[in-house]
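> fold the following, please.
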Amino acid sequence: DPLSPQYLYPLPSTFYPLPPIVKLLFVCLGNICRSPAAENIMNHLAAEAGISSQIECDSAGTANYHSGNPPDRRMQAAATNRNIPMSGSARQFTKSDFTVFDLILAMDRENYANILALDPQGQYRDKVKLMCDFATQHPDREVPDPYYGGVEGFDYVIDLLTDACGGLLAHLKSTDFKNT
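Next comes the predicted model:
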């Protein structure tokens, strides 16, 4: 009966369980090439999969070289060529990021080591992974820094990160966004 109390007074939305949200932080050296590309690619893939509400992405750099700057124009061009919108503003990784994010993805071993150096007790070690650990089509173990190279380097990084972000997304879905 549509006039019964359960239809007239539905339960508040807080009663219904909300989908889990996983918070991802992508980290490179300066936060203008690789990590903002990974952040924007992951946002793009999540939107395509219809799960944007379940994933929050950000990016940071281990160094403070470019704080406040947008992504490198060459990386923006490489992403735009693949219909991936790029946005963001560079910032430096901080110790508080360990508690804010569920998973911290380093672009290379040097960034990985620099991140872990800020966690001397190893309390957050399990949250820090190498981005290429999730790549399924590329053999690379690190995302190369394209900053001093040509257009081909930026294109390659977009392809590699698209592969790794796709693998990461599949991993997150397979664990129901709980066990990062």
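> how about the lengthiest helix in the chain: buried residues?
In the chain, taking DSSP state H as the definition, the longest helix is helix 151-174. Under the neighbour-count criterion of 16 or more other CB atoms under 10 Å, helix 151-174 has 153-158, 160-169, 171-172 buried. For the C-beta atoms, the positions are set from N, CA and C on the backbone; glycine is no exception.
> how far does that helix sit from the chain's center?
Here the centre of helix 151-174 is set off from its chain's centre by 10 Å, with CA atoms, centre = their mean, to the nearest Å.
> in terms of secondary structure, what does it contact?
Counting contacts by 3 or more CB pairs under 8 Å, 6 or more residues apart in numbering; DSSP states H and E, helix 151-174 is packed against helix 34-48, helix 73-80.
> select, out of the ones you listed, the one closest to residue 108.
helix 34-48 (8.3 Å; CB to CB).
> export that closest one as CSV, just CAs?
Only the C-alpha atoms of helix 34-48 are listed here, as CSV (Å, rounded to 0.1, in the frame of the first residue of the first chain):
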residue,chain,number,x,y,z
ARG,A,34,54.0,11.1,-13.8
SER,A,35,52.0,11.3,-10.6
PRO,A,36,49.4,13.8,-11.9
ALA,A,37,49.1,11.7,-15.1
ALA,A,38,48.4,8.6,-12.9
GLU,A,39,45.9,10.6,-10.8
ASN,A,40,44.0,11.8,-13.9
ILE,A,41,44.2,8.4,-15.7
MET,A,42,42.8,6.7,-12.7
ASN,A,43,40.0,9.2,-12.4
HIS,A,44,39.2,8.7,-16.1
LEU,A,45,39.2,4.9,-15.8
ALA,A,46,37.0,5.1,-12.7
ALA,A,47,34.5,7.4,-14.5
GLU,A,48,34.4,5.0,-17.5
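> which parts of it are buried?
Those would be 34-46, for helix 34-48 by 16+ other CB under 10 Å.
> for stretch 113-129, same thing?
Neighbour counts over stretch 113-129 (16+ other CB under 10 Å) mark 114-115, 124, 127-129 as buried.
> hmm, back to that, I'd like the buried residues of helix 34-48 laid out as a markdown table, including distance to residue 70.
Output for the buried residues of helix 34-48, formatted as a markdown table (distance: CB to CB, whole Å):
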| residue | distance to residue 70 |
| --- | --- |
| 34 | 15 |
| 35 | 13 |
| 36 | 8 |
| 37 | 12 |
| 38 | 15 |
| 39 | 12 |
| 40 | 11 |
| 41 | 16 |
| 42 | 18 |
| 43 | 15 |
| 44 | 17 |
| 45 | 21 |
| 46 | 21 |
